[in-house]
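# how does the following fold in three dimensions:
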Amino acid sequence: MLHAFPCGTLPLDFVGTLRARRDDPPRERLTGPARLDAWFVESGLLDLAPGAGEVDLGLALDLREAIYSLVAARLHDGPPPPDAVAELNLHASGRPVTLRLGPDGATRTGSVAQGLATLARQSVEIVGGADGALLRECARPGCTQVYLDRSRGHRRDWCAMRTCGNRVKAAAYRARRNSGAGIS
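Predicted coordinates for the structure are as follows:
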């Protein structure tokens with residue numbers, strides 16, 4: 001598997017394909033059209049790779065950054081950037097992924113444009129709806145993953161416990177152990 005899906009929310013996991021946004025340079029996970037195809041299949045958005053090209057990759061990266069801009073604005077109670085709104089709405093107006101029931105169960109088929117339209121529609125619902133109030137950024141230094149905090153009491157700190165949560169807790173344990181080691 002080439003991609004991680006810590007959030008359980010496809011548009012936010014898609015935003016996470018640019019890791020460590022504050023690093024110089026950040027870590028890009030969508031390094032080519034084949035990686036975009038892999039993301040669509042690994043995420044379960046499409047059953048088969050749509051055959052992305054360089055133009056598709058550019059469109060996907062533009063949409064990803066528009067979603068991130070809108071999420072960041074919502075996180076910081078700022079106004080939504082008009083160019084990001086226009087980009088998101090342009091994709092959301094497209095035809096979504098085709099979902100069909102067949103003898104072997106459900107199938108999800110479509111083009112890159114249809115995959116992006118589906119992500120854009122879900123993003124509109126998150127940023128423009130009640131879920132926007134649940135948006136959080138991971139508290140682990142260096143991680144810039146955003147997620148929806150659906151935890152009881154809305155006290156979740158990390159994008160995923162198995163990665164960032166474990167790293168923070170292990171670092172805190174080591175710090176406590178090391179500070180106590182010098183004391184007799």
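# please enumerate the helices of this structure.
10-15, 33-43, 54-75, 82-92, 112-128, 166-181 (DSSP state H).
# dump the last one to CSV, keeping only the CA atoms.
Backbone C-alpha positions of helix 166-181 (Å, rounded to 0.1, in the frame of the first residue of the first chain) are rendered in CSV as follows:
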residue,chain,number,x,y,z
ASN,A,166,1.9,6.3,19.9
ARG,A,167,4.8,8.5,18.9
VAL,A,168,3.8,11.3,21.3
LYS,A,169,3.1,9.0,24.2
ALA,A,170,6.4,7.1,23.6
ALA,A,171,8.3,10.4,23.5
ALA,A,172,6.7,11.6,26.7
TYR,A,173,7.5,8.3,28.4
ARG,A,174,11.1,8.5,27.3
ALA,A,175,11.3,12.1,28.5
ARG,A,176,9.9,11.1,31.9
ARG,A,177,12.2,8.2,32.2
ASN,A,178,15.3,10.3,31.2
SER,A,179,14.5,13.1,33.6
GLY,A,180,14.0,10.6,36.4
ALA,A,181,17.2,8.8,35.6
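# sorry, back to before: now the helices of the chain as JSON lines including mean neighbour count?
In this view, the C-beta of every residue, glycine as well, is placed from N, C-alpha and C. Below are these laid out as JSON lines (neighbours: other Cβ atoms under 10 Å):
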{"stretch": "helix 10-15", "mean neighbour count": "25"}
{"stretch": "helix 33-43", "mean neighbour count": "20"}
{"stretch": "helix 54-75", "mean neighbour count": "19"}
{"stretch": "helix 82-92", "mean neighbour count": "17"}
{"stretch": "helix 112-128", "mean neighbour count": "22"}
{"stretch": "helix 166-181", "mean neighbour count": "11"}
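# any idea which of those helices gets closest to Pro141?
Set against Pro141 and scored by Cβ to Cβ, the helices of the chain come closest in helix 166-181, at 8.5 Å.
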